[in-house]
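Engineer: Please work out how this folds:
(one chain, ligands or ions: 1)
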Amino acid sequence: EKVEITKEQQALMKIITDAYNRHQIPQDVAKKLLQDQYSAEENFLLLTEMATSQVQVLVEFTKNIPGFLSLDREDQIALLKGSAVEAMFLRSAQVFNRKTPSGHTEVLEERIRKSGISEEFITPMFNFYKSIGELHMVQEEQALLTTVTILTPDRPYVKDQQAVERLQETILDVLRKLCVLQHPQEPQYFARLLGRLTELRTLSHYHTEMLASWRMNDHKFTPLLCEIWDVQ
Ligand SMILES: CC(C)c1onc(-c2c(Cl)cccc2Cl)c1COc1ccc2cc(-c3cccc(C(=O)O)c3)sc2c1
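Structural biologist: Residues are numbered from 1 along each chain as shown. Sure thing, here's the model as predicted:
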């Protein structure tokens with residue numbers, strides 16, 4: 001049957017995509033990736049700064065998701081804490097696959113590979129980046145997929161899962177229609193997109209171990225990262 005995005009779905013998609021594009025890491029912060037020290041220490045410090053800035057950007061973006069601020073306040077926090085790592089994997093994946101002339105892609109890869117992360121996590125991480133690149137998502141799909149990730153009802157400590165589920169289903173419906181309209185020759189594209197969410201959960205578990213091994217080597221995080229990742 002003919003798939004069509006309604007007027008209100010169009011408006012919802014515009015609000016979310018505009019917010020996603022508006023809230024980016026400040027250029028002067030992102031540019032630090034290009035400076036020329038490449039020690040494991042320096043790379044870790046730079047990535048910590050990037051992640052901290054990214055969390056701030058993520059919090060601002062989330063406030064623009066229609067309905068999010070109407071959720072229970074503690075549930076809002078639980079959703080942010082539960083999705084931060086996954087949202088940042090999606091964000092850094094988009095940076096990798098942007099292939100911007102600014103050269104962030106190469107230096108970001110270099111710094112991640114040499115920041116004290118063990119090989120067992122590096123391989124699945126870069127496989128994920130590659131699989132995201134192969135999807136060739138349009139920016140609306142990137143924005144909606146990040147929103148679906150944030151609005152995951154079964155995060156730890158979420159009390160009113162029903163309320164989150166209702167919001168997530170609204171976004172999933174728009175994303176499903178968008179995928180059909182953007183990729184008519186690939187009917188299973190939406191399913192492939194959702195498959196990435198499963199991969200994100202696995203990466204999130206790996207990330208917990210990455211944090212533990214960094215801490216074992218006495219690496220320090222910022223207060224914001226400690227709060228959102230429940231460390232220190
Ligand atoms: C604490 C730190 C060592 C850390 O621990 N785990 C991870 C992580 C790693 Cl490795 C990989 C995936 C996810 C996480 Cl969470 C990190 C670094 O996380 C980040 C998070 C977001 C971004 C956005 C960037 C970026 C660059 C240029 C441009 C832009 C842009 O948005 O324009 C964004 S870099 C960057 C680094």
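Engineer: quick one: residue 186 from residue 93, how far?
Structural biologist: Residue 186 is 19 Å from residue 93, where distance means C-beta to C-beta, to the nearest Å. Where you see a C-beta, it was placed from the backbone N, CA and C, and this is true even at glycine.
Engineer: neighbour-wise, which of those two wins?
Structural biologist: Legend: neighbour count by other C-beta atoms under 10 Å for residue 186 and residue 93, higher for residue 93 (24 against 13).
Engineer: show me the contacts for that one.
Structural biologist: Going by C-beta atoms under 8 Å, 6 or more residues apart in numbering, residue 93 touches 128, 129, 132, 133.
Engineer: From residue 105, how far out is it?
Structural biologist: 11 Å.
Engineer: On the pLDDT front, check the most centrally placed residue in the chain for me.
Structural biologist: Per C-alpha atoms, centre = their mean, the C-alpha nearest to the average position across the chain is that of residue 87, at 1.8 Å. Confidence at residue 87, expressed as pLDDT, is 98.
Engineer: and the helix or strand hosting it, which residues are buried?
Structural biologist: In this assignment (DSSP states H and E), residue 87 forms part of helix 73-98. Buried positions in helix 73-98, judged by neighbour count with 16 or more other C-beta atoms under 10 Å: 75-76, 78-97.
Engineer: Please name the nearest non-neighbouring residue to residue 206.
Structural biologist: residue 121 (4.7 Å; C-beta to C-beta, 6 or more residues apart in numbering).
Engineer: Next: residue 32.
Structural biologist: Closest residue to residue 32 apart from its sequence neighbours, by C-beta to C-beta, 6+ apart: residue 46 at 5.9 Å.
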